[in-house]
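> predicted structure and sequence below. I'll ask about it afterward.
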Amino acid sequence: MQQDNANRQSDDMHTRIADALSKISICTRSVAQYGRSHPIIDEMVGNAHQAVAQLLVIQPTLAIAAGESYLALESFPIEDGSGTLTAFAETLHARKVTELRLISGITPAELIDFAEILSLSPENLAIRGGISSEMTRRQISHIQTFSGVLPTESREAKDPADIYEESIMLVEQAMKAVESGLQIPVPEIRAVVAESLHSLIKDDSALLALTGIRSYDHYLSEHSVNVCILSMVLSKDLGLDAASTLELGISALLHDVGKVFVNPDIVRKPGKLTEEEWQQIRRHPAEGARALAGLPDLPALASTIALEHHVRSDGSGYPAVSMTHRPHLLSRLVAIVDTYDALTTERPYRERWTAQQAIAWMLYEAPGQYDRQLMARFAARARLYPLGSLVRLKKGDYAVVVAGSNAHPKQPTVRIITSADLPKDAPIEIDLFTNTDPAFEIDSIAQPVEVLLPYADRLVAV
Ligand SMILES: [Fe+2]
Ligand SMILES: [Fe+2]
């Protein structure tokens, strides 16, 4: 089944690449025919750019091999129904291009320039020093061409640990920039979040594991990167498209930039905050939103999320908003993963909670603060009750979770392991979703040692 899915995804990718390359090829032909300033060119370039940019969200670099009369991706020829790709391959081949690379950040202007270069005859290009030097002369950096033997450098995606490190570095740079009124490195942030997303789409386990490792020194930047990763994972689960998920990731990474204006001693203070200190904390959403508003290339969502990530669905939280104001869906999503990440991190004023404790608190102790549907999806993903976890039921029995469902994360199937009224060695399984007896409801997550408590006397005797 997994193999089938992988094949389907790769077929889909080939179809989309074929479509994007056809559009580039049509642009190239049209620029050669009508010249770059003809009104028809804008629309064609717009179509080609949109198709390519969408692909580069999923895969930040596309390396297309160009044969004499075919194009190939990772050694597989790209199917060409209309003959457009064959013609494009021949155009590239005649100009000695053996590989074409399209890189995230590509602009419509670069596409027009590239099309114009390809409209030059091979002889004319040779006089100008070849296609690569013409591309460099026109400062095209997101389209690259290689000639001769295919480049041997690795085309593999970056190591998730490197992506994580780079994200930490960039968020720290962004915070320094906000503090000193300098420019936030938006293109670099966009590129690294796209790498994260690409890595998550392929396999989310490595990056998710990294969100669980904490070091006290870099709390704020690690927290920001974790919120970025967790937001994108939840967005992917909800079925949001790659472009929206990327915008969300960028915004989530910057959600706490307003904290640079909070005195670090307050953030690290172990004791209770004074009213004045608390007020400083409550200002960080508005400060962050102000710093991010209207920045070129940054999604408008970034400012919205910075402002709304501490607003709660029941009207609590900050800044104070009218009861009729409903925060943006993605602000409500970030509010959930933000709280979850904060609770599962050790802070000077409290110990680190387990994932299950954090989810249980958000579901049971703070009901109404978080979007119910999003919370259910998140609980399912974070596995409120992972398989094998030990729970205490309301009637006092202990049970092990043996099955669960995404639709009902609070009601898994459990197997009772200790019970006052069940005969010894008679494990029974109960599906808590269909079971209506409140005595069997889950009361709390249990620690393994608790299960031994009823037998304490006997254990001591041994
Ligand atoms: Fe915050
Ligand atoms: Fe936060």
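Yes, it's here. Ligands and ions are numbered 1, 2, ... in the order given.

> helices or strands up against the helix or strand hosting residue 222?
If you go by DSSP states H and E, residue 222 is part of helix 219-238. Counting contacts by 3 or more C-beta pairs under 8 Å, 6 or more residues apart in numbering; DSSP states H and E, helix 219-238 is packed against helix 160-180, helix 186-202, helix 205-210, helix 242-253, helix 329-343, helix 372-381. Where you see a C-beta, it was placed from the backbone N, CA and C, and this is true even at glycine.

> correct me, but residue 99 touches residue 61?
No - contact criterion C-beta atoms under 8 Å: residue 99 and residue 61 do not qualify, at 11.3 Å.

> need the helices and strands packed on helix 219-238 in a markdown table (columns: mean pLDDT).
Formatted as a markdown table, the helices and strands packed on helix 219-238 follow (pLDDT from 0 to 100):
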| stretch | mean pLDDT |
| --- | --- |
| helix 160-180 | 94 |
| helix 186-202 | 88 |
| helix 205-210 | 78 |
| helix 242-253 | 92 |
| helix 329-343 | 96 |
| helix 372-381 | 87 |
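
> ligand 2 contacts on the stretch 251-400 of the chain?
Counting by C-beta under 5 Å from the ion, the stretch 251-400 of the chain comes close to ligand 2 at 256, 338.

> how about the helices in the stretch 251-400 of the chain?
Assigned by DSSP state H, counting those that start in this stretch, the stretch 251-400 of the chain shows helices spanning 264-268, 275-282, 284-292, 300-308, 329-343, 355-360, 372-381.

> any buried residues in the second one, and which?
Right, helix 275-282. By 16 or more other C-beta atoms under 10 Å, the buried positions in helix 275-282 come out as 277, 280, 281.

> try stretch 333-346
Residues 333-345 are the ones in stretch 333-346 that count as buried (16+ other C-beta under 10 Å).

> I'd like those residues laid out as a markdown table, including distance to residue 83.
Putting these into a markdown table (distance: C-beta to C-beta, whole Å) gives the following:
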| residue | distance to residue 83 |
| --- | --- |
| 333 | 45 |
| 334 | 47 |
| 335 | 52 |
| 336 | 50 |
| 337 | 48 |
| 338 | 52 |
| 339 | 55 |
| 340 | 53 |
| 341 | 52 |
| 342 | 57 |
| 343 | 58 |
| 344 | 56 |
| 345 | 57 |
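
> re earlier: among the helices and strands packed on helix 219-238, which comes closest to residue 112?
helix 186-202 (20.3 Å; C-beta to C-beta).

> any buried residues in the closest one, and which?
Within helix 186-202, the residues that count as buried by 16+ other C-beta under 10 Å are 186, 189-201.

> got it, and stretch 64-74?
Using 16+ other C-beta under 10 Å as the test for burial, stretch 64-74 gives 64, 65, 66, 70, 71, 72, 73.

> then stretch 116-132?
If you call a residue buried by 16+ other C-beta under 10 Å, then stretch 116-132 has these buried ones: 116, 117, 118, 119, 120, 125, 130, 131, 132.

> do the same with stretch 436-449
Going by neighbour count (16+ other C-beta under 10 Å), the buried part of stretch 436-449 is 440, 442, 445, 446.

> residue contacts, the first one?
In this case it means residue 440. With contacts defined as C-beta atoms under 8 Å, 6 or more residues apart in numbering, residue 440 is in contact with 393, 394, 395, 397, 430, 432.

> and it, how close does it get to residue 392?
Using C-beta to C-beta, to the nearest Å, residue 440 is found at 11 Å from residue 392.

> about what we covered before: a markdown table for the helices and strands packed on helix 219-238, including distance to residue 307?
Shown next, in a markdown table, are the helices and strands packed on helix 219-238 (distance: least, C-beta to C-beta, whole Å):
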| stretch | distance to residue 307 |
| --- | --- |
| helix 160-180 | 14 |
| helix 186-202 | 19 |
| helix 205-210 | 27 |
| helix 242-253 | 11 |
| helix 329-343 | 8 |
| helix 372-381 | 18 |
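
> out of these, which is closest to residue 41?
Of all the helices and strands packed on helix 219-238, it is helix 242-253 that lies closest to residue 41, at 24.2 Å by C-beta to C-beta.
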